[in-house]
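1. What would the 3D arrangement of this be:
(4 chains)
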2 protein chains.
Amino acid sequence: MAVTLKDIARECGVSYSTVSKALKDSPLVTQATKRKIKEKAEEMNYIPNNSARSLVSNKSHTIGLIWPAVDRVAVTTLATQVNEALKQAGYFMAVSIDNPITAASKFLELRFDGVIVFDEGESTTLPEKITKNIPVIAYGVARKLPYPIINVHHNWAMKQAVDLLIEKGYQSIDYIGELHTKDIRQIVKKKTIEDYCREKQVTYRLIDSGGLTEMAAKQAVKEFLKTETLHDGIICGSYDITMGVLHHMDDLELEKTIVAYDNIKQFKSIETPVYSVGVSAEQIAESLVKHLTKNIEAGRKNASEVIDLFPTLQYHDKK
Amino acid sequence: MAVTLKDIARECGVSYSTVSKALKDSPLVTQATKRKIKEKAEEMNYIPNNSARSLVSNKSHTIGLIWPAVDRVAVTTLATQVNEALKQAGYFMAVSIDNPITAASKFLELRFDGVIVFDEGESTTLPEKITKNIPVIAYGVARKLPYPIINVHHNWAMKQAVDLLIEKGYQSIDYIGELHTKDIRQIVKKKTIEDYCREKQVTYRLIDSGGLTEMAAKQAVKEFLKTETLHDGIICGSYDITMGVLHHMDDLELEKTIVAYDNIKQFKSIETPVYSVGVSAEQIAESLVKHLTKNIEAGRKNASEVIDLFPTLQYHDKK
DNA sequence: ATTCAAAATAACAACGTTGTTATTTTGGGT
DNA sequence: ACCCAAAATAACAACGTTGTTATTTTGAAT
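-> Numbering: from 1, shown residues only, chains lettered A, B, ... in the order given. Modelled structure (predicted):
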């Protein structure tokens, strides 16, 4: 059905190997015939057959992204950035929202060049049977895996936040974040606050935002304020939580300092001045793609490795 | 590098064509050898090469989903349902969040069996150059395209809502939804309310929710209530808007009737009794997959066609 | 005009499958 | 023991490419 090299060859009165060379601009073909062939190919709407190419070259120029929890809004931006970074590196990104083993197996059958996993913990671990056969890189929270994982150092981020508040002279800190969750990122943040504040001998309180949405945080803070009052040094677990908290702040309360975890451009448009610590989606994407493509090109086997990404502290003030 | 049929054949001392047949349970191979071959294949961790298969069979058993606006949370559930429905039908779903033309072109090169497009209007139209070569189906709002599109009949849904309120005896209706937007779904809903209320000689007001989120709606209604009061017959543009509106309702206000657009399971857990009109993601997914696979199997050319899905009205009362 | 190297093009094998055709093996009937 | 059909297996062509090798064409030097 589809147009092949042979069809073009017949039309142009040349051999199909010449067409193959012409279309990839080989110096072995004369300019004149190249032009003729390219024109004909365009005219006939030739679409290269990746299966055939892949069969001989062992390359598909396609990377599979395993993203079983599409609904996690937080990583949507990351997915977009990864797509861009991969395109830049000459790869096409195909996403599967299926369960990780099914997805990876199919990627293997399709002979994709590599796999990126949005790691959600145990349930997303890929078996060695698979990872022995294709370069893999994960994005998640540091843990031992038979392939590399990119880890945003939440621990370090929270320490930065605490240090900043201490430096500013606050002796009591309020952490507002999701406390009851299985999401390991949230657990790490909470745990770090506890441990580090104790270490630095700063008093702290953990306030449950009851979720990661603006609505939930707003509601939670409202309840909290009924009986108590917030300290002046505040750490928020995420951008959305920050927004929820800000609903209860008057412009007057300028003596308060808010440090939020995250690194997204939305901070730029907040009216109230805030600090943020986090790694941007762009940096994460770049790191993922860099490491993966490096391994693909080197034909190197997957190896256990945790690659830490260190958050940067920023101050946002619209004035 | 990877294990091939020939490797297995060598190990088993048979020809590779026998291995091929054995692995697909052909009756042409004796039970004993089949077992031996299958065991060996398992042991050697054989992974079929889809490129080779696709080359000879012209089938990849893979469908591409073009989903350029991943962040649109509303369709996330739909994507999950489509994935399930496709799996049921024997296909693997690969998503691209790239721009539609790039995505479709690559799907074509990869020789996928079909394409589903989450249609967002003009910007997502695929050119005939592409659609002549692969079965396509879109999901979006009714419009003329060179391939079929599944349309949820928002128009009909809103009429149902208005009719219900009229039947209940209300003479004035408030519609709370996104009024200033380019999202054609929202525009259709608003327009229908206007036209149909006028036709039925019912007075109505359009209240701008200022967005599709719960927060926005809550805020908007709060503003509105400062100067005016809501009528007893209320139509909400979506589930989230409904949630925003409900924040301002006391359990006392039982004489009010709310009809919300949408069809998602979350309605089941709302405390206040509400009506909903909408088509469930499951139904949409089923319809998309049914039409697409039908066309794939029939080897039929894409044709311009609008397939309407009619919303169902439901009453939700936790008691 | 003839020769010969260089340039251009053609031919071919290979990639890993599938499905068809050809060959070998098996064992029941004599 | 021998023949023959049926059953089992092997061989092979084809799918659409790429890269290597073989052949033809070109045109400059004689």
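
2. only C-alpha atoms for contact and neighbour calcs from this point on.
-> Noted.

3. Pull the contacting residues for the spatially most central residue of chain A.
-> Residue closest to the average C-alpha location in chain A (CA atoms, centre = their mean): residue A:78, at 3.7 Å. Residue A:78 is in contact with A:281, A:282, A:284, A:285, counting by CA atoms under 8 Å, 6 or more residues apart in numbering or on different chains.

4. Kindly write the PyMOL command that selects the buried subset of those.
-> The buried residues among the contacts of residue A:78 can be selected in PyMOL (16 or more other CA atoms under 10 Å in any protein chain shown) with this line:
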select buried, chain A and resi 281+282+284+285
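
5. that older thread, the residue nearest to the centre of chain A is in what secondary structure piece?
-> Assessed by DSSP states H and E, residue A:78 sits inside helix A:76-88.

6. Quick check: pLDDT value at the closest residue to residue A:71 other than its chain neighbours.
-> Nearest non-adjacent residue to residue A:71, counting by CA to CA, 6 or more residues apart in numbering or on different chains: residue B:76, 6.2 Å away. On pLDDT, residue B:76 comes in at 88.

7. Now do the helices for the stretch 51-200 of chain A: every range, in order, please.
-> Here the stretch 51-200 of chain A has its helices, by DSSP state H, counting those that start in this stretch, at A:76-88, A:100-109, A:128-131, A:154-167, A:184-199.

8. right, so of the ones you listed, which gets closest to residue A:51?
-> helix A:100-109 (11.4 Å; CA to CA).

9. ok, now which ones touch the residue nearest to residue A:196 when sequence neighbours are not counted?
-> Closest residue in space to residue A:196, ignoring its immediate chain neighbours: residue A:159 at 6.7 Å, by CA to CA, 6+ apart. Neighbouring residues of residue A:159 by CA under 8 Å, 6+ apart: A:192, A:193, A:196.

10. go on, residue A:33?
-> residue A:22.

11. try 6 Å
-> Residue A:33 makes contact with no residue under the criterion CA atoms under 6 Å, 6 or more residues apart in numbering or on different chains.

12. touching DNA strand D at all, the helix or strand hosting it?
-> Element membership of residue A:33 [criterion: DSSP H and E] is helix A:31-43. No - using CA under 7 Å from any atom of the strand, helix A:31-43 stays clear of DNA strand D, coming no nearer than 10.3 Å.

13. Identify each buried residue in that helix, please.
-> Buried positions in helix A:31-43, judged by neighbour count with 16+ other CA under 10 Å: A:34, A:37, A:38, A:40, A:41.

14. Same check on stretch A:227-239?
-> For stretch A:227-239, a neighbour-count test (16+ other CA under 10 Å) marks A:230, A:231, A:232, A:233, A:234, A:235, A:236, A:237, A:238, A:239 as buried.

15. now do stretch A:197-213
-> Within stretch A:197-213, the residues that count as buried by 16+ other CA under 10 Å are A:197, A:204, A:205, A:206, A:207, A:208, A:209, A:210, A:211, A:212, A:213.

16. same thing with stretch A:94-112?
-> Of all the residues in stretch A:94-112, those buried under the rule 16+ other CA under 10 Å are A:94-98, A:100-101, A:103-112.

17. Output those of the residues you listed also counted as contacts of chain B.
-> When contact is defined as CA under 6 Å from any CA of the partner chain, these meet chain B at A:94, A:95, A:96, A:109, A:110.

18. Return the closest of those with respect to residue B:28.
-> Nearest to residue B:28 among those: residue A:109, at 25.3 Å, using CA to CA.

19. and the closest one, what does it touch?
-> So residue A:109 contacts B:48, B:49, B:50 (CA under 6 Å, 6+ apart).

20. for chain B, what are the nearby residues on the stretch 1-150 of chain A?
-> Residues of the stretch 1-150 of chain A lying close to chain B by CA under 6 Å from any CA are A:48, A:49, A:50, A:51, A:94, A:95, A:96, A:109, A:110.

21. ok, the closest residue to residue A:110 other than its chain neighbours to residue B:103 distance?
-> Nearest non-adjacent residue to residue A:110, counting by CA to CA, 6+ apart: residue B:50, 5.1 Å away. When CA to CA, to the nearest Å is the yardstick, residue B:50 and residue B:103 sit 20 Å from each other.

22. residue ranges with poor pLDDT in the stretch 201-319 of chain A?
-> Scanning the stretch 201-319 of chain A for pLDDT under 70 picks out A:251-254.

23. One more pass at 80, please.
-> Low-confidence segments of the stretch 201-319 of chain A (pLDDT under 80): A:250-254, A:318-319.

24. Now it against DNA strand D: closest residue?
-> The stretch 201-319 of chain A approaches DNA strand D most closely through residue A:297 (14.9 Å), counting by CA to the nearest atom of the strand.

25. what about that residue, is that helix, strand or coil?
-> Following DSSP: H, G, I helix; E, B strand; the rest coil, residue A:297 is assigned to helix.

26. so the residue nearest to residue A:110 touches residue A:111, yeah?
-> No - if you go by CA atoms under 6 Å, residue B:50 and residue A:111 don't touch, sitting 7.2 Å apart.

27. From residue B:24, how far out is residue A:152?
-> Distance, residue A:152 to residue B:24, by CA to CA: 45 Å.

28. Counting neighbours around each, name which of the two comes out higher.
-> Between residue A:152 and residue B:24, residue A:152 has the larger neighbour count (other CA atoms under 10 Å in any protein chain shown), namely 22 against 11.

29. What are the buried residues along stretch A:261-275?
-> Buried, per 16+ other CA under 10 Å, within stretch A:261-275: A:261, A:262, A:263, A:264, A:267, A:272, A:273, A:274, A:275.

30. closest to chain B among the residues you listed?
-> residue A:264 (14.8 Å; CA to the nearest CA).

31. Chain neighbours aside, what residue packs nearest to residue A:285?
-> Spatially, and ignoring its direct neighbours in sequence, residue A:285 is nearest to residue A:82 (4.7 Å; CA to CA, 6+ apart).

32. ugh, wrong one, I meant residue A:23
-> Spatial nearest neighbour of residue A:23, excluding adjacent residues (CA to CA, 6+ apart): residue A:38 at 6.3 Å.

33. again with residue A:186
-> residue A:178 is the one closest to residue A:186 (CA to CA, 6+ apart), at 6.3 Å.
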